[in-house]
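Novice: This is the structure alone, sequence omitted:
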Ligand SMILES: Cc1cc2nc3c(=O)[nH]c(=O)nc-3n(C[C@H](O)[C@H](O)[C@H](O)COP(=O)(O)O)c2cc1C
């Protein structure tokens, strides 16, 4: 194991650093850290936990600056801030593990992204033959011997020779613009949208059982894509997983609609009551901005794009609730399946009413003028409008969708 840093490395790196060329009249000012962070956040990546072990202590940290380097020999590199204890451990022991996290391991990513002494408490690990802790259930696990260290800014780049590597099936956790998300194959996404249309168009009616093979045959796609579509439809609340029947189309009726919109109203009234008059100007500006984005998707009693409206509407109301600064309130709001309910009702036709925009504009204006009574009234109006519109749509379909 070689952990020594070749003396030439610093100089070599500096030689390449002066190639700062301004083109097309761009400013020659150096980019500040905040701007760079924001710009580079556009590079979507996977998420890993880099681990090591030194002096009977396990070390681990969340990292996305990880990449493959060469295939022959198999090598990879990781970039770690010198201030992080894991960096020191790797320097000492000359070995590290990389656990590539799967989609369901967002909590693990958070756990290892905050400095703490007991990071491994409650985390399942497997030990490599050399004793490095690897995260249990990760999508892939790779162990490396350090062959070179390169200093870059505040970080050290550890070039590692791969000594073991295993992978399993499943979707990865991803990181983009400062948030975790999921990866999907473009073809699978298209299959999901086609399957969703089958439910919204009632080709599969309420309580219909959808078999994976049957859906795959109908859409002429493979089983994996059909299963992926059903999993996403279950997350949307459009189907539920029954232990004996399989995937069943969730019935949607007036009761489901009323209860969901009333629950949202209760949460929003709570938030409005807590914050009206105390909202900072930049937060009000953000609320207004989200409203404007939403309103661009509903023009002259028509959705110009229902899915975009749905996303923007959710983001607007989520922000309103978030103003209360109460994580429980926000997570309760997120669990309401509001998107599913709106999809089942409003999503079945592009015709809608501009009054939805009018009442939500009234809500923004009331928040801006710190008029609590007007804000509460607008929230109630919006709720009644949504419930009435769902009734109208359901009346056309015999009461259930
Ligand atoms: C998604 C994500 C990716 C990260 N990538 C890196 C990285 O590549 N290199 C790094 O030094 N820190 C990275 N960090 C920050 C470290 O995880 C964080 O500083 C951590 O607290 C360091 O470990 P410590 O708690 O032992 O100091 C990342 C954080 C997140 C959330």
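Specialist: That came in fine, so what should we check first? Source: prediction; values computed, not measured.
Novice: residue in the stretch 151-300 of the chain nearest to the ligand?
Specialist: The nearest approach of the stretch 151-300 of the chain to the ligand comes at residue 175, 4.3 Å away (C-beta to the nearest ligand atom). Placement of C-beta: from N, CA and C, glycine included.
Novice: Pull the number of nearby residues for that residue.
Specialist: 21 (other C-beta atoms under 10 Å).
Novice: Could you pull up the contacting residues of whichever residue of the stretch 101-250 of the chain sits closest to the ligand?
Specialist: The ligand sits closest to residue 115 of the stretch 101-250 of the chain, with a gap of 3.3 Å, by C-beta to the nearest ligand atom. Counting by C-beta atoms under 8 Å, 6 or more residues apart in numbering, residue 115 makes contact with residue 85.
Novice: do the same with residue 54
Specialist: Contacts of residue 54 (C-beta under 8 Å, 6+ apart): 88, 89, 92, 93.
Novice: Same question for residue 301.
Specialist: 351, 352, 353, 354.
Novice: contacting residues around the first one?
Specialist: Listed by C-beta under 8 Å, 6+ apart, the contact partners of residue 351 are 301, 302.
Novice: The residue nearest in space to the middle of the chain: what secondary structure?
Specialist: In the chain, the residue lying closest to the centroid (C-alpha atoms, centre = their mean) is residue 181, at 2.9 Å. What DSSP: H, G, I helix; E, B strand; the rest coil gives for residue 181 is strand.
Novice: How about the contacts made by it?
Specialist: Counting by C-beta under 8 Å, 6+ apart, residue 181 has contacts 174, 175.
Novice: which SS state does the residue of the stretch 101-250 of the chain closest to the ligand fall under?
Specialist: Secondary structure, three-state DSSP: residue 115 is coil.
Novice: Need the phi and psi values for it.
Specialist: When read as degrees, to the nearest 10, the backbone of residue 115 gives phi -60, psi 130.
Novice: can you count the residues close to the closest residue to residue 170 other than its chain neighbours?
Specialist: Leaving aside its sequence neighbours, residue 170 sits nearest to residue 102 (C-beta to C-beta, 6 or more residues apart in numbering; 4.9 Å). Counted with other C-beta under 10 Å, residues neighbouring residue 102 total 21.
Novice: Can you verify my assumption that residue 102 contacts residue 135?
Specialist: No. Using C-beta atoms under 8 Å, residue 102 is not in contact with residue 135, being 9.6 Å away.
Novice: buried ones in the helix ranked longest in the chain?
Specialist: Scanning the chain for the helix with the most residues, using DSSP state H, yields helix 372-395. Buried positions in helix 372-395, judged by neighbour count with 16 or more other C-beta atoms under 10 Å: 372, 374-376, 378-379, 381-383, 385-387, 389-390, 393-394.
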